[in-house]
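> Got a sequence here, can you model it:
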Amino acid sequence: MATKITYTQQGDYLLPDLKLPEQPKVEIGIWGKRHLRYIKNQHPIRYTNLLTSCKLTAYLADIDEEATEMFDRLVNRFVKQEGVTEQLKAENQMLWVQRMSVT
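Numbering: from 1, shown residues only. Modelled structure (predicted):
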């Protein structure tokens, strides 16, 4: 099944009307945004390939989800190692802040 290609006149040239398929709206968090900046600056070909294949949003959403889970696991492990609890917060707020500021 062939699709019909339409063109738009731009000066002396006929340019094809190219449209990307609709993609779902996905909220990308801080880790996904940082990775986007990294691949734009350090891996421009990879960025362009993901963008033109309509896979960039899904890729960044996956990166963001994995990084958020990893960050949460690391913080929870650190909290357990350092003994940072709500009881410590109630008893000695300065020590709690000091231990939390390391994370």
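> counting contacts, what elements does the longest helix along the chain pack onto?
Ranked by residue count and defined by DSSP state H, the top helix of the chain is helix 56-82. For helix 56-82, the contact count by 3 or more CB pairs under 8 Å, 6 or more residues apart in numbering; DSSP states H and E identifies helix 30-42, helix 44-52 as packing neighbours. C-beta: built from backbone N, CA, C; applies to glycine.
> so which of those helices gets nearest residue 95?
Residue 95 sits nearest to helix 30-42 of all the helices and strands packed on helix 56-82, at 28.5 Å, using CB to CB.
> What is the closest one packed up against?
Helix 30-42 sits against helix 44-52, helix 56-82, with contacts defined as 3+ CB pairs under 8 Å, 6+ apart.
> now that helix and helix 44-52, what's the angle there?
120 degrees (axes from the mean of the first three to the mean of the last three CA atoms, to 10 degrees).
> how about helix 30-42: buried residues?
Using 16 or more other CB atoms under 10 Å as the test for burial, helix 30-42 gives 31-32, 35-36, 39.
> where are the low-confidence patches of this structure?
Counting by pLDDT under 70, the chain contains low-confidence residues at 1-2, 96, 100, 102-103.
> Most distant residue from the centre of it?
residue 12 (41.1 Å; CA atoms, centre = their mean).
> Ramachandran coordinates for residue 16?
Dihedral pair for residue 16: phi -70, psi 150, per degrees, to the nearest 10.
> gap between it and residue 56?
Residue 16 sits 22 Å away from residue 56 when distances are taken as CB to CB, to the nearest Å.
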